[in-house]
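1. Starting from these lines, generate the structure:
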Amino acid sequence: MLHRLYTRAISFAQSQFAPLWLIIISFSEASFFPIPPDILLCPMILAKRKNAWLYALICTVSSVIGGILGWIIGAFLLHFLAMPIVHFYHAEQQLTALQSKFNTYGVWIILIKGLTPIPYKFVTIASGAAHFPMIPFIAASLATRGIRFFIEALLLYYFGPKIQNFIEKRLVWVTTLFCIILLGGIIAFKYL
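-> Alright, predicted model coming up:
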């Protein structure tokens, strides 16, 4: 079943609508959607390695624009819209802790947490709720999201066939590891 889903993701990544879906997923993940854009970014780069940099740029810009929406949700719609999102993830205490950390660490919160598998929507919503200034928020988001997605693009561009063969041979192991990393990021967010 995993191999069928993987093959489907690769074929979907080759479609003419894949960049549009990457925009939608990257934008949504930064403000409310639970699935990270890497799920589509990686197969897209593996399918068309020559477009690796373009896909990383699309992912970065869309994520930052989605992050601005997350900031707006946190700043102006905290109780109406943000709290249901936070409640869905059972992360009320984490949001409060993250808001207070913005007062101490400011831009470093965005730079560090934006690189990790911690859902970025929490960083964007918390920065808005803390009324962290928009310009430094955008600059830090561009830096951290760009670093993350361009490193993925770099690795997949240069090691694509080797990584693709590794993934295809050990798909269950790779999928399990990805889920562990994603859950680890969520747990780290809850308890750190």
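
2. Ile72: neighbour count?
-> Each residue near Ile72 was counted by other CB atoms under 10 Å, and the total is 17. To be clear about C-beta, it is placed using only N, CA and C from the backbone, and glycine gets the same treatment.

3. Distance-wise, check it relative to Leu20.
-> According to CB to CB, to the nearest Å, Ile72 and Leu20 sit 23 Å apart.

4. How far off centre is stretch 35-50?
-> Stretch 35-50 sits 13 Å away from the centroid of its parent chain (CA atoms, centre = their mean, to the nearest Å).

5. Pull out the buried residues from stretch 93-113.
-> Neighbour-count burial for stretch 93-113 flags Gln94, Leu95, Leu98, Gln99, Lys101, Phe102, Gly106, Val107, Ile109, Ile110, Leu111, Lys113 (criterion: 16 or more other CB atoms under 10 Å).

6. Go through those residues and flag which are in helices.
-> Judged by DSSP state H, the subset of the buried residues of stretch 93-113 located in helices is Gln94, Leu95, Leu98, Gln99, Lys101, Phe102, Val107, Ile109, Ile110, Leu111, Lys113.

7. my read: the fourth one touches Ala130, true?
-> Yes. Look at Gln99 against Ala130 with CB atoms under 8 Å: they come within range, at 4.5 Å.

8. Which secondary structure element is home to the residue lying closest to Leu98 once chain neighbours are set aside?
-> Nearest residue to Leu98, sequence neighbours excluded (CB to CB, 6 or more residues apart in numbering): Ala126, at 3.9 Å. Under the criterion of DSSP states H and E, Ala126 resides in helix 120-129.

9. List the neighbours of that helix that are in contact with it.
-> Helix 120-129 has contacts (CB atoms under 8 Å, 6 or more residues apart in numbering) with 29-33, 63, 66-76, 78, 82, 85-86, 89, 91, 94-95, 98-99, 102, 109-110, 113-114, 137, 141, 145, 189.

10. How many residues are close by Gly146?
-> Counted with other CB under 10 Å, Gly146 comes out at 18.

11. any idea whether it is helix, strand or coil?
-> When classified by DSSP: H, G, I helix; E, B strand; the rest coil, Gly146 comes out as helix.

12. isn't Leu41 right up against Cys59?
-> Yes. Using CB under 8 Å, Leu41 is in contact with Cys59, at 5.2 Å.

13. Buried among the contacts of helix 120-129? Make that a ChimeraX selection.
-> Applying 16+ other CB under 10 Å to the contacts of helix 120-129 leaves a buried subset, and the ChimeraX line that selects it is:
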select :29,30,31,32,33,63,66,67,68,69,70,71,72,73,74,75,78,82,85,86,89,91,94,95,98,99,102,109,110,113,114,137,141,145,189
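
14. With that, I have no additional questions.
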